[in-house]
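J.: Take this sequence and fold it.
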Amino acid sequence: MKRFFESFLFMSRWLLAPFFVMLAVGLLELLYKAGVHLFEATAHLVTATESNMTLLVLDLIDMTLTGALVVTVMLSVYENFVSKVDTDSQPGWPDWMGSIDFSELKLKLLSTIVAISAIKLLEAFMDVPHMNDRDLYFYLGIHLTFVVSTLAFALSERLAGGHGTNHGEQGH
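T.: Residues are numbered from 1 along each chain as shown. Below you'll find the predicted structure:
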């Protein structure tokens, strides 16, 4: 009975597969929205101010980082929880495939979220005349919360994992 139950639990990891399909569809939807955004930006290229064009490009960077976040989550979670990916037989696959553990995944996710937050904060700063102080403070507070959380997580991972220490090595 125990062996059957453990096998059942182990096989249930494949129930994550539909979530990966949904993430891939979400990535396609994000690509569509980015394409619409680019089309609208191109249509107004002649009349747009430099500031407006900068904001439009920042939006595209934001969407790109969000897409990269989706891909990172999709591939890393698949490999960490569902099935090992044979990267040796797949030339051209990213170097990080097959080597990201769950802690590294969390750090990559947090770093990407900080970058997205920084872009949103920059967009808010570029639109200061149309922003009220309260909203700007919220953007700043949220961004600083992400930065501090990411730094705290990275520090705790480093301390817990002993990264950066040279065990058995004498200092010069």
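
J.: Can you read off the pLDDT for the residue most central in space within the chain?
T.: The residue lying closest to the centre of the chain (Cα atoms, centre = their mean) is residue 69, at 2.9 Å. You'll see residue 69 listed with a pLDDT of 89.

J.: Residue 122 now?
T.: Confidence at residue 122, expressed as pLDDT, is 89.

J.: ditto for residue 42
T.: For residue 42, the predicted pLDDT is 89.

J.: Just the endpoints, please. Distance across stretch 13-20?
T.: End-to-end distance for stretch 13-20: 12 Å, by Cα to Cα, to the nearest Å.

J.: Contacts for that stretch, please.
T.: For stretch 13-20, the surrounding residues in contact (Cβ atoms under 8 Å, 6 or more residues apart in numbering) are 74, 77-78, 81-83. C-beta here means a position set from N, CA and C on the backbone, and glycine is covered the same way.

J.: just to revisit the earlier point, please identify the buried residues of whichever strand or helix holds the residue nearest to the centre of the chain?
T.: For residue 69, the element it lies in under DSSP states H and E is helix 50-77. Using 16 or more other Cβ atoms under 10 Å as the test for burial, helix 50-77 gives 55-56, 58-59, 62-63, 65-67, 69-70, 72-77.

J.: quick one on the thing from earlier: surely the residue nearest to the centre of the chain meets residue 112?
T.: Yes. The pair residue 69 and residue 112 qualifies as a contact (Cβ atoms under 8 Å) at a distance of 4.7 Å.

J.: On the three-state scheme, the spatially closest residue to residue 136 that is not a sequence neighbour is what?
T.: Distance criterion Cβ to Cβ, 6 or more residues apart in numbering; nearest residue to residue 136, sequence neighbours excluded, is residue 124 at 5.9 Å. Three-state assignment for residue 124 (DSSP: H, G, I helix; E, B strand; the rest coil): helix.
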